[in-house]
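Q: Give me a 3D structure for the following:
(2 chains)
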Amino acid sequence: GEQVEQRPPHLSVREGDSAVITCTYTDPNSYYFFWYKQEPGASLQLLMKVFSSTEINEGQGFTVLLNKKDKRLSLNLTAAHPGDSAAYFCAVSAMGTNAYKVIFGKGTHLHVLP
Amino acid sequence: EAAVTQSPRNKVTVTGGNVTLSCRQTNSHNYMYWYRQDTGHGLRLIHYSYGAGNLQIGDVPDGYKATRTTQEDFFLLLELASPSQTSLYFCASSDGTGGNSDYTFGSGTRLLVI
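A: Residues are numbered from 1 along each chain as shown, chains lettered A, B, ... in the order given. Down below sits the predicted model:
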């Protein structure tokens, strides 16, 4: 079945620097991809959902890149600020036995230093 | 407002104890999921369901049962709790159609098995 590997597990950057988190996946039939943010003690919030037909997606202060050839998904926070400190999870939608299910990466703990 | 509500927020039980975690969604979603979140593992799918009376096995089902009594309610049962089940549990719901579904997560239940 689908496997998702996320790197790095921990990342520290200075305020204003960029931060890049990358996920690789195995199932070439995966079609939907997600990035979630989890602040300390809180639940997961959807940052962005992307489709395999779109390679670059821009959000507020971040960019998501999808490389279908390499089966790689990345989240780039362009100018990190302390409010970006959180855990980030990628997720890939894959077909299970009878229904779609979402496979999560193991997460990246981002710490933005002031 | 559509939501996923989990109860209890925190639970302590002894080894061998019987625990039921509850989840209710008001999103009118067909799919519901139970995940556990552990450091170094991210979110791992325990069980999921695509409708009342339906149950699908996830990736880490051992030691867990689940029951979907209505479209709104999904329960996770630990009949003989073990310390290895100490974790943060998240319930989620989604529309689930075609894999293109946003997940709505509950606030989590923190379970300690002593």
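
Q: Skipping adjacent residues, who's closest to B:L76 in space?
A: Leaving aside its sequence neighbours, B:L76 sits nearest to B:L21 (C-beta to C-beta, 6 or more residues apart in numbering or on different chains; 4.3 Å). No exception for glycine: its C-beta is placed from N, CA and C like everyone else's.

Q: how close does the one you found sit to chain A?
A: Going from B:L21 to chain A by C-beta to the nearest C-beta, to the nearest Å gives 15 Å.

Q: B:Q85 versus that residue, what's the distance?
A: Noted for B:L21: a distance of 11 Å to B:Q85, by C-beta to C-beta, to the nearest Å.

Q: overlap in contacts of these two?
A: Listed as contacting both B:L21 and B:Q85 by C-beta atoms under 8 Å, 6 or more residues apart in numbering or on different chains are B:78, B:111.

Q: list the contacts for the spatially closest residue to A:L77 that is not a sequence neighbour?
A: Nearest non-adjacent residue to A:L77, counting by C-beta to C-beta, 6+ apart: A:A19, 4.4 Å away. Contact analysis of A:A19 by C-beta under 8 Å, 6+ apart lists A:11, A:13, A:76-77, A:80, A:84, A:110, A:112.

Q: Are any of those residues buried, and if so which?
A: The neighbour count (16 or more other C-beta atoms under 10 Å in any protein chain shown) marks A:11, A:13, A:77, A:80, A:84, A:110, A:112 as buried among these.

Q: okay, now residue 41: neighbour count?
A: All of this refers to chain A. By the criterion of other C-beta atoms under 10 Å in any protein chain shown, A:G41 has 9 neighbours.

Q: could you do chain B instead?
A: Neighbour tally, B:H41, other C-beta under 10 Å: 13.

Q: residue contacts, it?
A: For B:H41, the contact set (C-beta under 8 Å, 6+ apart) comprises A:K106.

Q: again, but for A:F33
A: By C-beta under 8 Å, 6+ apart, the residues touching A:F33 are A:49-52, A:64, A:66, A:73, A:90-93.

Q: how about 10 Å then?
A: Residues near A:F33 by C-beta atoms under 10 Å, 6 or more residues apart in numbering or on different chains: A:4, A:23, A:25, A:48-52, A:54, A:57, A:64, A:66, A:73, A:90-93, A:102.

Q: same question, A:Q6
A: Counting by C-beta under 10 Å, 6+ apart, A:Q6 has contacts A:21-25, A:73, A:75, A:88-91, A:104-108, B:42.

Q: Neighbouring strands of the lowest-mean-pLDDT helix or strand in chain A in the sheet, and parallel or not?
A: Least confident helix or strand of chain A, by mean pLDDT, DSSP states H and E, is strand A:56-58 with a mean of 76. If you go by DSSP bridges, strand A:56-58 pairs up with strand A:62-67 (antiparallel).

Q: If anything else comes up later, I'll come back, but that's it for now.
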